[in-house]
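1. Next come a sequence and a model predicted from it.
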4 protein chains.
Amino acid sequence: DAVDIEKVLEEIKGDDQLSHSRLMQTAASVREVSRQLQRRPLKRAVRNVMVITKARDNTLVSLTRELAMWLLGTPRYGKDIGVNVWVDSKLRKSKRFDADGLVKSDERFKDMLRFWTPALCLEQPELFDLVITLGGDGTVLFTSWLFQRIVPPVLAFSLGSLGFLTNFDFEQYKQQLNHIMGDAGMRINMRMRFTCTVYRAAASVLTNTAQSSSASLSTSMAGGPPTRTNTNELESTKIEGETHEVLNELVIDRGPSSYISSLDLYANDSLLTRISADGIILSTPTGSTAYSLSAGGSLVHPDIPAILLTPICPHTLSFRPMLLNDDMALKVSIPFSGRGGAFVSFDGKGRVELGRGDEVVVRASAYPFPTVMGRPLEWFDSISRTLRWNTRAAEQKGW
Amino acid sequence: DAVDIEKVLEEIKGDDQLSHSRLMQTAASVREVSRQLQRRPLKRAVRNVMVITKARDNTLVSLTRELAMWLLGTPRYGKDIGVNVWVDSKLRKSKRFDADGLVKSDERFKDMLRFWTPALCLEQPELFDLVITLGGDGTVLFTSWLFQRIVPPVLAFSLGSLGFLTNFDFEQYKQQLNHIMGDAGMRINMRMRFTCTVYRAAASVLTNTAQSSSASLSTSMAGGPPTRTNTNELESTKIEGETHEVLNELVIDRGPSSYISSLDLYANDSLLTRISADGIILSTPTGSTAYSLSAGGSLVHPDIPAILLTPICPHTLSFRPMLLNDDMALKVSIPFSGRGGAFVSFDGKGRVELGRGDEVVVRASAYPFPTVMGRPLEWFDSISRTLRWNTRAAEQKGW
Amino acid sequence: DAVDIEKVLEEIKGDDQLSHSRLMQTAASVREVSRQLQRRPLKRAVRNVMVITKARDNTLVSLTRELAMWLLGTPRYGKDIGVNVWVDSKLRKSKRFDADGLVKSDERFKDMLRFWTPALCLEQPELFDLVITLGGDGTVLFTSWLFQRIVPPVLAFSLGSLGFLTNFDFEQYKQQLNHIMGDAGMRINMRMRFTCTVYRAAASVLTNTAQSSSASLSTSMAGGPPTRTNTNELESTKIEGETHEVLNELVIDRGPSSYISSLDLYANDSLLTRISADGIILSTPTGSTAYSLSAGGSLVHPDIPAILLTPICPHTLSFRPMLLNDDMALKVSIPFSGRGGAFVSFDGKGRVELGRGDEVVVRASAYPFPTVMGRPLEWFDSISRTLRWNTRAAEQKGW
Amino acid sequence: DAVDIEKVLEEIKGDDQLSHSRLMQTAASVREVSRQLQRRPLKRAVRNVMVITKARDNTLVSLTRELAMWLLGTPRYGKDIGVNVWVDSKLRKSKRFDADGLVKSDERFKDMLRFWTPALCLEQPELFDLVITLGGDGTVLFTSWLFQRIVPPVLAFSLGSLGFLTNFDFEQYKQQLNHIMGDAGMRINMRMRFTCTVYRAAASVLTNTAQSSSASLSTSMAGGPPTRTNTNELESTKIEGETHEVLNELVIDRGPSSYISSLDLYANDSLLTRISADGIILSTPTGSTAYSLSAGGSLVHPDIPAILLTPICPHTLSFRPMLLNDDMALKVSIPFSGRGGAFVSFDGKGRVELGRGDEVVVRASAYPFPTVMGRPLEWFDSISRTLRWNTRAAEQKGW
């Protein structure tokens, strides 16, 4: 077994007199293991390839057919045939995709061309050794949405200019796929996702006790935000709602309301602060180039394990964008004393309203999103290219 | 032996057919080990305590004496006497400290009261089980400067209001030291430091070959910044200069020059970009509340392993503050084609000029700075308190 | 007649050979006149005082009664009686205000206590020599809303801490009113307002010509934003909608839509740029301390004749807050090619949806909002106080 | 006489009972006059043209010769000859310019080709009806430096891409000069300049009274920044130093010092705030696209009469860029209690050190800098072009 984690943890606990310098040394060692793991290419044979694209886009459907044909037919791994290809079940009847025509070209393809459904992605993600996306960054976000638990390695082809997430050029798909499906293997970027869970205030319970509890609440809240030591007595009455994995960000904002949002932010159940703002963004490093950047957040390399907290138009000048460590469970709740509700959305989708007392809990997901790397420093290329990072323009005048 | 890193690494290499999901599982395990290590309190007996303060400040010297007396005399670890105390050798002759008087009060103190020198800190840091600082954040930075290699755990007492680094109130020193020197042990925050090394362009070599090399340079540079693939032919002629460990930040700026700085930024020897700015700050997460914040950087929790790159008055609007992962070696070099030199400083000290072709290499240090934690979430307290984080003021007007 | 503007303009036109230095001199003279006018106190007798407050707030109604009584009864301008007082017609029947009791205390009050209605403010604003507001900044915004054309001088009392607009402390109302109603007169701050007019795309006209015009539009728009020289052929089909005067700002945002806003910005009917953002704020200098500040705008002294254009979370890093000169007519239109509509609101009120082709035209109003000044530099006091301007906190660490 | 300012002012003063609405009407009229003046083209015959360029740049000298020849020889204003041309006296002996050759081509040129010196610009600026610059924005700044009092209209040709100030393309110089020297005349942009005066603390006086005065100072300063009511007793002992006109900005910074600057900011001799920062920029609207922008300032249209106060890396998060009205005299002084001095520079030049007690006073200049306008909205073109204003790049991702 590769790393016997239980044994290691036991050893650490056992050595009660571990000295400071020994502890530092051990920590450094563990870190080095972690880095080696990150740099280690995956070399296992890729026997099942899933292809994701926009099934309504004619161009993309044609390219998917071309790609599928090539993957099915190109001999690989010592056989005279290619690998299994899974395409969207929506293409089963597509005239443009013409599955029947494909199968007719080589009868062995009949078993090898398969069709995926969202249900299959959720239930049997380990079926796929590699996911190929054709499209833009949006298609990659859609892939993240499909795989709410384990995600297979994702290779994202761009059809035009490369994006933040689409780091392979489709024009060279043959060379690139031969490379990573061959001896070189694929290097993986483990992109953090967040697991976001909505908890609803138990309205029925509240209704029964409304007169007493809301009275006491309005009293305790009147003098300002609750204090750090304040324990939320109503906590036990929350009802767990939907859960989403996000790759870019979770946004909570005031929506169409013209009242500012008042949001209470907790870390590990301790209140950190009450936020007055148009909203807040909780972004992954991957999302640091998206909405968080527009709201003033820093650019964060995707290898950094951090949660970006970026306020949207905060009503205090000192509330600056922050990076929190990823082993915290962050909770945002709508105060009972606030003037209005708020809206939450997940990677720009699934927008729902939050009422008073509702909460969203965000933590680093146990299911990261593995993307196949093109080359070292490609993140810098992507920001140079897409954001025109530091392109020279605003020269100061000199004589 | 706690964790046999070599064995683990070998196992990882050996398993050539490691599947993607197995790799993810292993990575998660390693991460969990890392977290357990971070949360694990140090419980070893503290037998040697070093005290650092400003030897010229009368009040601090008196308090140092009081603290030393208490540490020497308070029975601990099953003996009827306290622990060894190391004070600044500058205090050996201080009337106010009155070392002789101290020793006279109990003859056993004669061997137990010892004097440290900067040389001792550099050469035998493992002599000290705990360092106590009395003063402000500046005294903590001075401690970082004293220990250029391994740093013992540092407990920072504040004498007035708590600072970013001074998280213990001196008024309660007895309870707090009894606590962490007792069964509870001390929890440690491993704060990243940077190892910064200056490399000088080999002027003599350059002089000899000046006509040819500078000619070719001016040609290659004339059309703008060098391209990513450009290899620096003069690299082999650099002469290694001074090395500093920094806890807050390294700053490279234009100093008194009225010309803007032009700086080339490399990661792992690849050119990322040419920067036109008043300067740049390379800050640790610990330094994110200092100069980097003034220049527009985000607040970064000290547990996050990241290097902050914060430009000072950049001359392109799109050059935003960035966070780079800490396993990169960053290099900043002064282009040969630039109009002027630059200045570099280390935690605000050691300011020296850099000429054309000089370089500074910055990487995460193998010697982090361990600080004793007060309580969980204390970082949030420190920013709330010191930066008035999100204090309510700029309310939007409503009817 | 004070300044014969026609004569002056004619003289300027007539002198065809005006030299450059003569032109400069004249411009400077005109500017000096403008400054003298600004600094000149109004000394005319204040015979009619209007009081505006929240009629539903019991405390404020009581204070309004106290104030009215004092104004009615305090001898002024050579008579043995006070001045006419106009209160909200909602107070006519209020038991707490007790108009009957007031009138009974002195029979002359019967003619002097009068009641205003919103209609009266709109139609006969010149009835009032002075408006006194009791409440917060919101009450001042409400006053601006009441007077959509000429606004009488407004003196804003605060009941607690002073705000940005409420610069007089009610505790000292007698001294302060005696002062400005006496020989000293009142100095006036002429705060710019914007006249904002919504123009709706003429849907019926569009429907009839839909096939041809939308076809040509989708062609012309396909390749990106329209060019500067592009003339909007549909312009003549706009239908004028509502008009509002705003004192703080006009906001156009994406509302509940999760699609970003695409907005075309015109100055004097020339397209300046297409904006991709969550929205934009067009703010007066008075509004520079409100929403615009949250979105990153500068603080602007209310004497400066400028229009602040502050983007909300712009999707390009180089789109910085701007100040435009106030003799431009700015137009924001919703492109036909955009994905969604937008919402517009006026001083945080009157929120309505805008569809494709709808436009909002904003220009400096002919009806500024005159506020009575307390003392010189009071704007600096207000920002120091309310925004804790430059309160010392984020000290850089030093040794 | 164009506008009889004295008469107008007298009328305003005379009408003691001027009503509020009459005052507003008059203010609006005066403003309209001011706008008409701005839009009014100068049509006077241009008989003397000055040409400014970099006399050391060979290409520019050749173009200057070409331009001079054309201006001298092209018949204009009803004569069969051109206008007088003044070139840099440094060109008198230049072989490349070949003044003798020029004069030989037409003997009438002998009187018409003249040579300017800096002294002439200072003493007889009204000699020139038009200044033409050839070069970049730096040449325009140099022109501002040459004319410390009245500045003739300046037409700035660019030789490559247009800059912020160089708004005419030299490739079309004949058409453009024929146009503005013809019936159309030239429209002028009156760009605000600042008059900046340095006042030195009178060291000798201080020395004599050092014991008493510095003692009282250290007392009064010890507890923090002086209060608003604090009157500076040492004010009378200042010695007036150099005065500069600036077109872009005045910068006060900490220079090579590693200590932060502490600066006291006064408006009309009232202390506004003590600033802790790397420095401050006092910028004109023209300078808003230069250094101020790098430090986070807004873009400000040059027609707006405002002073930009932009802090450089301020040490409090709430110290945001501000715009102050231009009828204030701003004073920045180096506190006696500060740790170090500061440096001041004027349009990036004339850098000198300031010691404790030294002051710089900045006010809107009586001598604006008139630039010839190309076309309406050209400012927007310049920022679009040079700053890539709102160029589309950072698209938010969508599915």
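-> Sure, I can see it. Residues are numbered from 1 along each chain as shown, chains lettered A, B, ... in the order given.

2. CA only for contacts and neighbour counts going forward, please
-> OK.

3. Would you mind listing what in the stretch 201-350 of chain A touches chain D?
-> A:Thr289, A:Ala290, A:Tyr291, A:Leu317, A:Ser318, A:Gly348 (C-alpha under 8 Å from any C-alpha of the partner chain).

4. of those residues, closest to chain C?
-> Lowest distance from chain C to those (C-alpha to the nearest C-alpha) belongs to A:Gly348, with 6.4 Å.

5. what's near enough to touch that closest one?
-> For A:Gly348, the contact set (C-alpha atoms under 8 Å, 6 or more residues apart in numbering or on different chains) comprises A:Glu249, A:Leu250, A:Val251, C:Ser258, D:Gly398.

6. Adding pLDDT, secondary structure and distance to A:Gly101, write the residues of the stretch 201-350 of chain A next to chain D out as CSV.
-> Formatted as CSV, those follow (pLDDT from 0 to 100; DSSP: H, G, I helix; E, B strand; the rest coil; distance: C-alpha to C-alpha, whole Å):
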residue, pLDDT, secondary structure, distance to A:Gly101
A:Thr289, 94, helix, 42
A:Ala290, 93, coil, 41
A:Tyr291, 95, helix, 43
A:Leu317, 81, coil, 63
A:Ser318, 82, coil, 63
A:Gly348, 92, coil, 38
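
7. what's across from the closest residue to A:Val300 other than its chain neighbours in the sheet?
-> Excluding the flanking residues, the one nearest A:Val300 by C-alpha to C-alpha, 6 or more residues apart in numbering or on different chains is B:Leu323, at 4.7 Å. Going by DSSP bridges, B:Leu323 is paired in beta bridges with A:Val300, B:Leu308.

8. Name the next helix or strand following the helix or strand bottoming out on mean pLDDT in chain A along the chain.
-> Lowest mean confidence among the helices and strands of chain A (mean pLDDT, DSSP states H and E): helix A:210-222, at a mean of 34. Using DSSP states H and E, the helix or strand that follows helix A:210-222 towards the C-terminus is strand A:238-246.

9. distance of A:Gly350 from C:Ile260?
-> Counting by C-alpha to C-alpha, to the nearest Å, the separation of A:Gly350 from C:Ile260 is 16 Å.

10. out of those two, which sits in the busier spot?
-> C:Ile260 (25 against 12; other C-alpha atoms under 10 Å in any protein chain shown).

11. C:Arg254 is in contact with the more buried one, correct?
-> Yes: assessed by C-alpha atoms under 8 Å, C:Ile260 is found in contact with C:Arg254 at 6.4 Å.

12. now, among the contacts of A:Gly348, which is nearest to chain B?
-> Using C-alpha to the nearest C-alpha, A:Glu249 comes nearest to chain B of the contacts of A:Gly348, at 17.4 Å.

13. partner residues bridging that closest one?
-> Listed by DSSP bridges, the beta-bridge partners for A:Glu249 are A:Ser283.

14. That one: neighbour count?
-> Neighbourhood size, A:Glu249 [other C-alpha under 10 Å]: 28.

15. List the residues that contact it.
-> A:Phe194, A:Ile281, A:Leu282, A:Ser283, A:Thr284, A:Gly287, A:Tyr291, A:Phe346, A:Asp347, A:Gly348.

16. most neighbours, which of those?
-> In terms of neighbours by other C-alpha under 10 Å, the contacts of A:Glu249 top out with A:Thr284 at 31 neighbours.

17. Okay, now the unreliable bits of chain A?
-> A:1-18, A:203-236, A:388-399 (pLDDT under 70).

18. any idea how far D:Ala295 is from the most centrally placed residue in it?
-> Residue closest to the average C-alpha location in chain A (C-alpha atoms, centre = their mean): A:Leu247, at 1.5 Å. Relative to D:Ala295, A:Leu247 is positioned 33 Å away (C-alpha to C-alpha).

19. Please report the distance of A:Glu32 from A:Thr26.
-> If you go by C-alpha to C-alpha, the gap between A:Glu32 and A:Thr26 works out to 10 Å.
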